[in-house]
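Peer 1: sharing a sequence plus its predicted fold:
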2 protein chains.
Amino acid sequence: MKLSRIALVVVVGLLAAFPLFAADAVVISDTGYFEGNLPAITVGLRGIMYAQIDVLLSPVDLHSGMYGGTVANPANALATIIAALKGPDGRVRIPGFYDDVVALTDAERAALAALPFDEEAYRAAIPVSSLVGEAGFTTLERKGARPTLDVNGIWGGFQGEGAKTIIPAHAHAKISTRLVANQDAATVFAALRDFVAEIAAPGVTVRTTYIHGGEPSLTPADHPATQAAARAIEAVHGVAPVYVREGGSIPVTAAFDHSLGLPVVLLGFTQPSCNAHAPNEYLLLDNFEQGTRVIVRLWDELTALRA
Amino acid sequence: MKLSRIALVVVVGLLAAFPLFAADAVVISDTGYFEGNLPAITVGLRGIMYAQIDVLLSPVDLHSGMYGGTVANPANALATIIAALKGPDGRVRIPGFYDDVVALTDAERAALAALPFDEEAYRAAIPVSSLVGEAGFTTLERKGARPTLDVNGIWGGFQGEGAKTIIPAHAHAKISTRLVANQDAATVFAALRDFVAEIAAPGVTVRTTYIHGGEPSLTPADHPATQAAARAIEAVHGVAPVYVREGGSIPVTAAFDHSLGLPVVLLGFTQPSCNAHAPNEYLLLDNFEQGTRVIVRLWDELTALRA
């Protein structure tokens, strides 16, 4: 069962305020610890724009000997499109992609650099052979404060053992971008769609379809509700939380933030290695108990705010 | 049931010669008509080199928000590799790929240009929006007499409806090249493998694996066995065959040709639109009967040769 499906989305009208629209803040528990025993409050989330690219050649697969060299290949054409979306320097090449990105301040970069981040332990825990990403930014900056673009899935033609000599009738890719303030999903999708149409090879039909989107969000670390959560954490863990920006997206956060004008406290209890969205996703029982205690404590802190 | 599986591979030691190694020629029926009522003898077949490229990142899929921007993406990396293999001019960019290609002579180009080829009908029968391929060559030249490279299949990550926000753990592609005289599969594979290793992005592990290969073959149109087949065709159809080069590969042809020194007569009876290797592959019953008559007649012609 996926933790993301049963995540505690605790939406509380602070100070027992009802209806919801009259709330002062929102608490969502879908984030986690910075590392094993170091609690964190997530103050920034990336947004997302998720799309699908379909490249269509013919009604059925074609014999790659009889037709190879005379017709376009939709899988080759798709690969060429994807390759053009991001450079070897890790920069997204969709025109205008970075136009709305709010640059990190020197203070924000210093705060991220001050976090006790063990890059080698992070790499080894995944594990991957090396960490790579946008040139000119640290791993933590790239993880939470810079936008990126990834293929989430790709398919077309023959996928079995051995060989089948065909030109695929069509090929497809799921592609998403993680967004940071002040990018918005609709603008980024339009830029992607236009760029793909511009670079698509002749001989195939290319469609770019919007699947979903969510805006990025940022909540001030010094907001009274955030500070109430920080005190609750310190009371349970005996240590103050760090303030981090997470690379993931919780689209409802931006809805509360942008549409209802409510600050959102992101107060979650998973480990960084929790395998989110993958097999064997987990929540430590200790963290489940600690999280319960922090949440209970938070109500006291919030009540005190009202007093 | 696939026609290619039940193709009439008629291997005959000419003039009743046994054992096979003492034969004078080989007849294989796995080719077809040039168009509806115009019989053809295929004098050239392309060879093939079929490989798989595997790009490996991590043991499981990764959350694209938590890790996007910090690790390589194997599907993006695979797309970048594939995009580098062939240029927008249709030329394969693997270093050395064209080194062993025997250029078409002016006479061969003139013979191909003289064939009654209706390019628009060919396009519309597939159908595709337009015909594309290597710059500087006609469609018939590209179809049978020039090497090419195609992705036969590609896959990795999420392929379902909607969205899943992952970075795939791995991504894969089946890639084949059609070869012409005097390319050979082993040399082309080594060039592909070395080029892929050279251009592979950091942060992923890339493996290129040989799946199978077959050499190209060319049989002279004026060989006595070929001319015997031409007379058999004319006797049944009332029209002389055209001589064509086919884009497909029948690896055993090169084995008979190169290893046993036997000329191969390619005398088959399918329509160009037979959907070879695709759903609804077919053989017209008329062509089945005509083919039977041609083959029977061929034995008489071959006997006459011996007389």
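Peer 2: Looks like it came in fine. Remember, it's a predicted structure, so these values are computed and weren't measured experimentally.

Peer 1: how about the secondary structure of A:His305?
Peer 2: One thing to correct before we go on: residue A:305 is Leu, not His. helix (DSSP: H, G, I helix; E, B strand; the rest coil).

Peer 1: tell me, how many neighbours does it end up with?
Peer 2: 15 (other CB atoms under 10 Å in any protein chain shown). Quick note: C-beta positions are derived from backbone N, CA and C, even for glycine.

Peer 1: again, but for A:Ala114
Peer 2: 9.

Peer 1: go on, the one 4 residues further on?
Peer 2: A count of nearby residues for A:Asp118, using other CB under 10 Å, gives 10.

Peer 1: model confidence for it, exactly?
Peer 2: Among the per-residue scores, A:Asp118 holds a pLDDT of 93.

Peer 1: now the residue positioned nearest the centre of chain A, nearest residue through space, not along the chain?
Peer 2: Residue closest to the mean C-alpha point of chain A, counted by CA atoms, centre = their mean, is A:Gly248 at 2.8 Å. Sequence neighbours aside, B:Gly65 is the residue nearest to A:Gly248 in space, at 3.0 Å (criterion: CB to CB, 6 or more residues apart in numbering or on different chains).

Peer 1: phi, psi for the one you found please.
Peer 2: phi -90, psi -40 (degrees, to the nearest 10).

Peer 1: any idea how far A:Val43 is from A:Val242?
Peer 2: 10 Å (CB to CB, to the nearest Å).

Peer 1: contact partners for the residue lying farthest from the centre of chain A?
Peer 2: The C-alpha centroid of chain A is most remote from A:Met66, which lies 44.0 Å away (CA atoms, centre = their mean). A:Met66 makes contacts with B:143, B:246-248, B:272, B:276, as judged by CB atoms under 8 Å, 6 or more residues apart in numbering or on different chains.

Peer 1: let's see 7 Å
Peer 2: By CB atoms under 7 Å, 6 or more residues apart in numbering or on different chains, the contact list for A:Met66 reads B:247-248, B:276.

Peer 1: any figure for the gap between it and B:Ala163?
Peer 2: In terms of CB to CB, A:Met66 sits 37 Å off from B:Ala163.

Peer 1: tell me where chain A has helices.
Peer 2: A:3-6, A:74-85, A:106-114, A:119-125, A:139-144, A:185-199, A:224-237, A:251-254, A:260, A:285-306 (DSSP state H).

Peer 1: how distant is the fourth one from the center of its chain?
Peer 2: Computed by CA atoms, centre = their mean, to the nearest Å, the chain-centroid distance of helix A:119-125 equals 19 Å.

Peer 1: is stretch A:256-271 anywhere near chain B?
Peer 2: No - Stretch A:256-271 lies out of reach of chain B by CB under 7 Å from any CB of the partner chain, never closer than 10.2 Å.

Peer 1: end to end on that stretch, go ahead and measure it.
Peer 2: By CA to CA, to the nearest Å, the extent of stretch A:256-271 from end to end equals 25 Å.

Peer 1: what residues sit buried inside it?
Peer 2: A:256-257, A:262-271 (16 or more other CB atoms under 10 Å in any protein chain shown).

Peer 1: quick check: the residue of the stretch 51-200 of chain A nearest chain B.
Peer 2: Nearest to chain B, among the residues of the stretch 51-200 of chain A, is A:Gly65, at 3.0 Å (CB to the nearest CB).

Peer 1: list the contacts of that residue.
Peer 2: A:165, B:46, B:178, B:247-249.

Peer 1: switch to 6 Å and redo it
Peer 2: B:178, B:247-249 (CB atoms under 6 Å, 6 or more residues apart in numbering or on different chains).

Peer 1: can you list the buried residues of stretch A:256-271 in CSV and add pLDDT?
Peer 2: Converted to CSV, these look like this (pLDDT from 0 to 100):
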residue, pLDDT
A:Phe256, 83
A:Asp257, 82
A:Leu262, 84
A:Pro263, 87
A:Val264, 91
A:Val265, 93
A:Leu266, 93
A:Leu267, 94
A:Gly268, 94
A:Phe269, 95
A:Thr270, 94
A:Gln271, 92
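
Peer 1: farthest pair within the residues you listed?
Peer 2: Longest distance between any two of the buried residues of stretch A:256-271 is 28.1 Å, between A:Leu262 and A:Gln271; criterion CB to CB.

Peer 1: give me the low-pLDDT residue ranges for chain A?
Peer 2: A:1-21 (pLDDT under 70).

Peer 1: switch the cut-off to 80
Peer 2: A:1-22, A:36, A:259, A:277-278, A:306-307 (pLDDT under 80).

Peer 1: care to break it down by domain?
Peer 2: For chain A, automatic domain parsing gives the domain ranges A:3-45+A:217-306, A:47-101+A:147-214.

Peer 1: how about the residues of the stretch 151-300 of chain A that lie near chain B?
Peer 2: Contact residues (CB under 6 Å from any CB of the partner chain) of the stretch 151-300 of chain A with chain B: A:151-159, A:163, A:166-167, A:174, A:178, A:202-203, A:211-212, A:247-249, A:276-279.

Peer 1: any of those buried? List them.
Peer 2: A:151-159, A:163, A:166-167, A:174, A:178, A:203, A:211-212, A:247-249, A:276-278.

Peer 1: which strand residues bridge the closest residue to A:His212 other than its chain neighbours?
Peer 2: Nearest residue to A:His212 in three dimensions, chain neighbours excluded: A:Tyr50, at 5.1 Å (CB to CB, 6+ apart). Counting by DSSP bridges, A:Tyr50 is bridged to A:Ser176, A:His212.

Peer 1: contact partners for A:Tyr50?
Peer 2: A:176, A:211-212, B:163.

Peer 1: in the stretch 151-300 of chain A, what residue is nearest chain B?
Peer 2: For the stretch 151-300 of chain A, CB to the nearest CB, closest residue to chain B: A:Gly248, 3.0 Å.

Peer 1: roughly how far does that residue sit from A:Thr219?
Peer 2: For A:Gly248, the distance to A:Thr219 - CB to CB - is 15 Å.

Peer 1: repeat for A:Tyr67
Peer 2: For A:Tyr67 relative to A:Thr219 (CB to CB), the value is 56 Å.

Peer 1: now A:Arg123
Peer 2: 29 Å.

Peer 1: ok, these two, which is more surrounded?
Peer 2: Neighbours per residue, other CB under 10 Å: of A:Arg123 and A:Thr219, the larger number sits with A:Thr219, 24 against 17.

Peer 1: A:Arg245: neighbour count?
Peer 2: 23.

Peer 1: quick check: bridge partners of it?
Peer 2: Those that pair with A:Arg245 in a beta bridge, by DSSP bridges, are A:Gly44.

Peer 1: same question for A:Leu38.
Peer 2: A:Glu35.

Peer 1: do the same with A:Thr270
Peer 2: A:Gly32.
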